Structures are given as C-alpha cells and as structure tokens.
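Visitor: Here is a sequence together with a model predicted from it:
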Amino acid sequence: MLVEIYDVINYLSLKINELKKDYEKVKRLKDELNKGNKVFYHNPSLVYDACKILNENRFNDFLSMPFNEKELKKIIGVSGSLISKLFFDNVSIRNGKIKNVESYACFMQKLFAPTQKISFKKIDKDANTNYSNLLDKITDNLCNSVNNYMNKHNNIINTYNVLIELLSDINKEEYLTLEYKNKCSKFIKYVNDNKIDIGKVDNLKAKLKNLIEDKKTPVHKKEDNNHFEKNASLKKDGTRLERKEKYEKEKLKDQIACETKNLDDDSKAWVFLIIEQLKGFNDEELDLFISNPYLYLPDKSEENYNEIISLTSLKIRYEDKDLYDKLEDSFKKLLGRCIIVNDVRQNL
C-alpha cells in the first residue's frame with residue numbers, strides 16, 4: 001500500500017506544479033491590470049498567454065463584447081476609413097463575441113493604443129458620451145474572468161496540498177495499526193466531503209477503505225489475544241515444540257518492534273518496499289534476487305543500510321517462513337553475519 005500512496009502523492013505534486021505555472025501567468029496579468037491598462041498595448045504576449053489559459057479552463061466570459069459591433073465601428077471610424085479597416089485586421093468578431101484568444105489579444109492591443117484614445121475622445125465630444133465607460137466595461141470582463149480562475153485554482157491547489165499532507169501522515173504510521181486506520185479514515189472522509197473526483201485518488205480511497213474494513217489491525221488482534229488469555233485455562237496447551245515455536249515468534253515480534261522504533265520514516269519505507277517486492281516475486285524473480293540482491297536494495301551508502309536489511313529479514317521471517325527459508329542465506333551474506341533471535345529457554 002505504501003507504493004500506491006507514494007504514487008498518488010507524486011501525481012498530486014506534479015499536478016500542483018502544472019497548476020502553479022499557469023496560475024503564475026494569470027497572476028502576472030492581474031498584477032499588470034492593477035497598475036493600469038497599458039499592459040494591453042505594451043505586453044500583448046502576456047495578455048495572450050494568460051487569456052489562453054483562461055479560455056482553456058472555460059473562464060472565457062472576457063470574449064463577450066460589452067457593447068455592440070456597430071457602436072465600436074462608429075468610434076473607430078472617427079479616425080478615418082483606413083484606420084478603421086486596419087483596426088479590424090486579424091480581429092474576428094461575430095454576434096457580439098470575439099472569435100478566439102488571438103483575435104482578443106490583437107483587439108485589445110489596438111483598442112488601448114495611445115492614438116486610438118483620440119477616437120474615443122472625439123466620439124465622446126460629439127455624442128456627449130463617456131468613452132471611458134466602454135474601455136472600463138471590456139476591462140472589467142477580463143478582470144472578472146481572471147479573479148474567478150484564480151479563486152478556483154487556488155482552492156484546487158490547497159485541496160491537493162491537504163491530500164498530500166493526509167497521505168504523508170498515513171505513511172508515518174506503522175502499517176495497519178489503529179492510528180494507521182484512523183488516518184486512512186480521515187483521508188477518506190476528506191475526499192468524500194470535498195467531492196474530489198480524481199481517478200487515482202478515488203482508486204486509492206477504495207483500496208484504503210477495503211483495507212481498514214476487511215482486516216483487523218494489530219491493535220485489535222492484541223485486544224483479542226488479551227481477551228483470550230484472560231478467559232483461557234492456565235494449563236499449558238499444545239506440545240512442547242508448539243510452545244517453543246510460539247515463544248520464538250513472540251521474541252521475534254519484540255525484536256521487530258525494537259528495530260522498527262529505531263528507524264526513521266525513509267528507512268521504514270525502504271523495508272516496506274523491499275518486502276512488497278519479494279512477496280510478489282515468482283520463483284524466477286526470486287532467483288534473480290538471490291543472484292544479485294543489490295538491484296533491489298538501497299545503495300550501501302544509504303543511512304541505516306544494515307538496519308534496513310536486518311529489519312526486512314526479521315519481518316519476512318515473521319510473516320512468511322517459507323519465503324524466509326529461500327532467502328535466509330542471501331540475507332546472511334548481505335549482513336555478513338547470522339540473523340538470529342535471542343536464545344530460547346529450554347524449560348518450557
């Protein structure tokens with residue numbers, strides 16, 4: 001499960017980086033708009049890049065004209081038919097809407113050119129109207145689209161960061177403990193409450209839900225054992241060999257707990273990844289591991305390298321004795337020593 005969680009964390013991190021790149025471009029446009037409308041004439045490439053992002057994310061209300069085309073042509077025509085013709089070069093407007101982002105960037109550059117304002121002043125004087133209202137209206141349309149985009153994507157980025165934090169918290173806990181289960185539940189609740197619809201996240205949510213519902217955690221198992229011990233007969237059950245094997249396993253469990261406690265999160269992650277690989281290997285893949293185990297292990301320079309190998313061998317011995325028997329010699333060679341549990345008392 002650790003692998004699946006890391007996979008979703010990496011996916012969300014990449015999505016955040018992608019969103020931030022687009023977000024920063026739109027934010028740059030907003031900052032320039034706050035300074036004034038010179039950006040349309042002096043930096044049309046920024047206008048184009050930011051508006052392309054807005055359009056791709058369906059925040060394209062800015063393409064709608066706040067005044068009709070006839071009125072616009074009248075204003076532009078004040079400067080003469082040649083200027084009017086040049087103004088509409090590379091600008092496509094149909095039914096009160098600019099056709100595309102390319103036309104919009106070109107249109108805004110021409111509309112806010114210093115010489116073009118003369119036309120607005122002339123029509124303002126002749127018709128006793130306020131030309132600046134037209135410019136303000138079309139700028140307001142863009143500002144609204146920018147603000148709506150930034151609000152939505154800021155929320156998305158924050159949501160992804162929370163998901164990463166929740167998943168990282170799960171990985172900090174010992175696998176299938178009660179705390180692990182509680183943090184899985186917290187993650188599932190957050191996804192449900194926020195109606196997050198992302199394929200990878202939804203698949204992981206389903207796996208975690210099945211995991212914590214279908215399996216008892218070690219804490220629950222311990223509670224069951226305590227209940228059994230309190231109600232069981234005080235007589236010694238089973239054969240001497242069975243009691244010896246049970247005692248050995250308990251000592252092995254204590255040793256695992258001790259070594260796990262001394263490792264950091266990265267080292268624990270390595271232990272989990274190695275075990276998951278080995279458990280999934282077929283006989284041919286196990287032979288490859290035995291012949292060259294270093295292909296599947298952290299570099300020897302990795303901090304806690306010996307401790308990682310030691311804990312891995314102990315856990316496999318505890319969880320899958322048959323698998324451990326196949327790999328015992330490999331682990332001994334890796335550590336350069338025998339891996340044993342403390343001597344078992346004979347008087348059982």
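Guide: Nice, I can see it. Numbers count the residues shown, from 1 in each chain.
Visitor: Asp31: neighbouring residues, count only.
Guide: Look at Asp31: counted by other CB atoms under 10 Å, it has 10 neighbours. Yep, even glycine has a C-beta here, placed from its N, CA and C like the rest.
Visitor: Quick check, pLDDT for it.
Guide: With respect to pLDDT, Asp31 scores 94.
Visitor: cool, and the one 3 residues further on?
Guide: The predicted local confidence for Asn34 comes out at a pLDDT of 90.
Visitor: Mind checking what secondary structure it has?
Guide: helix (DSSP: H, G, I helix; E, B strand; the rest coil).
Visitor: cool, and Pro114?
Guide: coil.
Visitor: any idea which element the closest residue to it other than its chain neighbours lies in?
Guide: Closest residue to Pro114 apart from its sequence neighbours, by CB to CB, 6 or more residues apart in numbering: Tyr41 at 7.2 Å. Tyr41 belongs to helix 39-42 when elements are defined using DSSP states H and E.
Visitor: what separates the helix or strand following that helix from the chain centre, distance-wise?
Guide: Going down the chain from helix 39-42, the next helix or strand is helix 44-56, by DSSP H and E. Put simply, helix 44-56 sits 26 Å off its chain's centre (CA atoms, centre = their mean, to the nearest Å).
Visitor: What mean pLDDT does helix 44-56 get?
Guide: Rounded mean pLDDT across helix 44-56 is 94.
Visitor: who does that helix touch, helix- and strand-wise?
Guide: Counting contacts by 3 or more CB pairs under 8 Å, 6 or more residues apart in numbering; DSSP states H and E, helix 44-56 packs against helix 2-35, helix 39-42, helix 101-111, helix 132-171.
Visitor: Select, out of these, the one closest to Ala50.
Guide: Ala50 lies closest, by CB to CB, to one member of these: helix 2-35, at 3.8 Å.
Visitor: tell me how far stretch 97-117 is from the chain's mean position?
Guide: 38 Å.
Visitor: buried ones in it?
Guide: Residues of stretch 97-117 classed as buried by neighbour count (16 or more other CB atoms under 10 Å): 98, 101, 103-112, 116.
Visitor: coming back round to it: can you tell me which of the helices and strands packed on helix 44-56 is most buried?
Guide: helix 101-111 (a mean of 22; mean count of other CB atoms under 10 Å).
Visitor: quick one on the thing from earlier: against Tyr6, how distant is the residue nearest to Pro114?
Guide: Applying CB to CB, to the nearest Å, the value for Tyr41 to Tyr6 is 49 Å.
Visitor: what do you get for Ile188?
Guide: Per CB to CB, Ile188 is found 18 Å from Tyr6.
Visitor: Helix or strand with the lowest mean pLDDT in this structure?
Guide: helix 218-231 (a mean of 45; mean pLDDT, DSSP states H and E).
Visitor: Tell me which helix or strand comes right after that helix.
Guide: Following helix 218-231 in sequence order, the next helix or strand is helix 240-261 (DSSP H and E).
Visitor: Could you give me the buried positions within that next one?
Guide: Using 16+ other CB under 10 Å as the test for burial, helix 240-261 gives Leu252, Gln255, Ile256, Glu259, Thr260.
Visitor: quick check, distance from it to the centre of its chain.
Guide: The chain centre lies 39 Å from the centre of helix 240-261; the measure is CA atoms, centre = their mean.
Visitor: what packs against that helix?
Guide: In terms of contacts (3+ CB pairs under 8 Å, 6+ apart), helix 240-261 is packed against helix 305-319.
Visitor: and of the helices and strands packed on helix 44-56, who's closest to Lys333?
Guide: It's helix 2-35; of the helices and strands packed on helix 44-56, that one is closest to Lys333 (CB to CB) at 26.2 Å.
Visitor: what angle separates that closest one from helix 44-56?
Guide: When axes from the mean of the first three to the mean of the last three CA atoms, to 10 degrees is applied, the directions of helix 2-35 and helix 44-56 differ by 130 degrees.
Visitor: start to end distance for stretch 315-327?
Guide: 12 Å (CA to CA, to the nearest Å).
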